[in-house]
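Asks: predicted model, plus sequence, below.
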Amino acid sequence: MYKIAVIAGDGTGPEVVAEGLKVLKAASNKFKFKYELKDFDFSGKRYLETGKLVEEKDIEELKKYSAIYLGAVGDPNVKPGIIETGVLLKLRFDLDQYINLRPVKLYNSNFCPLKDKKPEDIDFVVVRENSEGLYKGMGEFQKKGTKEEVAIQISYNTRKGVERCIRYAFEYTRKRNKKKKLTLCGKTNVLTYAWDLWQRAFNEAAKDYPDITTDYAHVDATTMWFVKNPEWFDVIVTDNMFGDIITDLGAMIQGGMGIAAGGNINPEGVSMFEPIGGSAPKYTGKNVINPLAAICAVGMLLENLSEVQAGKAVEDAVIKVASKKLKSLAAGKMGYSTSEVGDLVVENLA
Ligand code: IPM
Ligand code: MN
């Protein structure tokens with residue numbers, strides 16, 4: 001019996017989560033696994049009402065779950081940074097979800113903004129370090145508010161943190177068993193401390209994976225290749241900040257935020273799965289947002305629970321719906337409502 005914690009969150013979060021849970025239920029009937037759900041109300045809305053964010057006792061409680069399913073958190077009425085650090089990053093950090101796994105896969109050429117790119121050309125995975133780097137929040141103001149003001153933001157990289165991420169990426173590339181190529185995406189030519197460490201750790205780990213081809217690309221060039229030659233990539237490993245940036249571009253070349261899902265993974269603990277788009281306040285309550293990203297997150301969650309067949313079936317059903325039914329992946333232009341898209345995935349699973 002799996003215990004799944006559900007954080008529907010703000011904006012369109014609850015709408016897309018409802019569709020994801022519909023698909024989870026259908027998958028459990030088909031693949032005969034059992035689960036129970038528990039709702040957690042962490043959100044911008046709750047913060048505005050109660051001042052509460054994620055607390056230590058919440059983290060302890062969540063550690064008892066098999067997985068966490070997250071919709072989206074964020075409210076336009078809360079100052080930027082509060083919900084991000086108090087909910088999303090708090091969960092990632094305190095549950096030590098040190099990998100952010102973001103598959104970039106094109107399901108339908110019609111949805112790709114790149115000319116002449118087909119599904120087989122865009123099929124790679126970004127392994128984003130998820131616990132360190134610039135996200136650590138280290139730094140300070142000096143002489144704040146004066147003309148001599150200095151703002152310092154530190155990228156914090158530990159040997160242990162970098163190495164565990166790189167080794168995860170090598171293992172993942174081997175297990176994925178496609179091109180068996182791992183690209184380190186960095187900035188060794190300018191960020192000479194952080195990327196020196198990353199490069200050394202990468203080269204050393206590579207010795208244990210003679211079956212994996214290794215490659216290096218600067219982050220700026222990586223964004224160029226995403227557009228020009230996305231077919232070159234298989235698995236990419238990078239730090240937290242670069243991973244954040246390149247995966248938004250990745251989402252666009254796979255068709256948009258409506259289809260992009262990610263996993264915040266603690267290989268030894270509790271992992272959390274989410275659509276990577278935000279809470280989309282302007283579409284809230286309209287039944288127009290695309291739930292496929294949230295449904296793909298369910299597929300990833302199932303795979304993480306070792307329900308590999310079920311996870312694959314969910315992805316296959318999404319592929320069918322995205323390639324044969326939807327007119328667009330964009331909110332309001334799909335040709336179907338949010339709940340109808342959920343129903344289509346369920347039909348295609350059966
Ligand atoms: C993401 C988001 C978050 C991040 C924000 C909301 C803190 O952009 O999951 O990519 O920067 O990691
Ligand atoms: Mn992001």
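Replies: The structure has been received and is ready for your questions. Ligands and ions are numbered 1, 2, ... in the order given.

Asks: would you confirm that Lys136 contacts Thr158?
Replies: No. In this structure, Lys136 is not within contact of Thr158 by CB atoms under 8 Å, at 9.7 Å. No exception for glycine: its C-beta is placed from N, CA and C like everyone else's.

Asks: tell me which residue in the chain sits closest to ligand 1.
Replies: Glu84 (3.8 Å; CB to the nearest ligand atom).

Asks: coming back round to it: of Lys136 and Thr158, who's got more company?
Replies: Lys136 (18 against 12; other CB atoms under 10 Å).

Asks: pull out the buried positions in the helix or strand where the more buried one lies.
Replies: Assigned by DSSP states H and E, Lys136 belongs to strand 133-142. For strand 133-142, the neighbour count (16 or more other CB atoms under 10 Å) marks 133-136 as buried.

Asks: same question for stretch 233-249.
Replies: Applying 16+ other CB under 10 Å to stretch 233-249 flags 233-244, 246-247, 249 as buried.

Asks: then stretch 319-334?
Replies: Those would be 319-322, 325-326, 328-331, 334, for stretch 319-334 by 16+ other CB under 10 Å.

Asks: want to throw these into CSV with pLDDT, distance to ligand 1 and secondary structure?
Replies: Shown next, in CSV, are the buried residues of stretch 319-334 (pLDDT from 0 to 100; distance: CB to the nearest ligand atom, whole Å; DSSP: H, G, I helix; E, B strand; the rest coil):
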residue, pLDDT, distance to ligand 1, secondary structure
Ile319, 96, 23, helix
Lys320, 96, 27, helix
Val321, 97, 24, helix
Ala322, 96, 22, helix
Lys325, 94, 28, coil
Leu326, 95, 24, coil
Ser328, 94, 23, coil
Leu329, 94, 18, coil
Ala330, 94, 19, coil
Ala331, 94, 18, coil
Met334, 96, 23, coil
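
Asks: which one of those residues is nearest to Lys45?
Replies: Ala331 (20.5 Å; CB to CB).

Asks: returning to what we had before: quick one: the strand holding Lys136 to chain centroid distance?
Replies: How far strand 133-142 lies from its chain's middle: 23 Å, per CA atoms, centre = their mean, to the nearest Å.

Asks: average model confidence for that strand?
Replies: Averaging pLDDT along strand 133-142 gives 97.

Asks: send me that strand as CSV with only the CA atoms.
Replies: Only the C-alpha atoms of strand 133-142 are listed here, as CSV (Å, rounded to 0.1, in the frame of the first residue of the first chain):
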residue,chain,number,x,y,z
GLY,A,133,24.7,26.1,-6.0
LEU,A,134,23.2,29.5,-6.1
TYR,A,135,19.9,28.1,-4.6
LYS,A,136,21.7,27.6,-1.3
GLY,A,137,20.8,31.3,-0.6
MET,A,138,24.2,32.2,0.7
GLY,A,139,25.4,35.8,0.4
GLU,A,140,25.0,39.3,1.8
PHE,A,141,24.4,42.9,1.2
GLN,A,142,27.1,45.4,2.0
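
Asks: by contact count, what packs against that strand?
Replies: strand 150-156, helix 240-253 (3 or more CB pairs under 8 Å, 6 or more residues apart in numbering; DSSP states H and E).

Asks: pick the one among the buried residues of stretch 319-334 closest to Glu19.
Replies: Distances from Glu19 to the buried residues of stretch 319-334, taken by CB to CB, are shortest for Val321, at 11.2 Å.

Asks: pretty sure the closest one sits against Gly342.
Replies: No. Using CB under 8 Å, Val321 is not in contact with Gly342; the gap is 9.6 Å.

Asks: can you list contacts of the helix or strand containing Ile236?
Replies: Assigned by DSSP H and E, Ile236 belongs to strand 235-238. Contacting residues not belonging to strand 235-238 are listed as 124-129, 165-166, 169, 172-173, 176, 181-186, 202, 219, 222, 246 [CB atoms under 8 Å, 6 or more residues apart in numbering].
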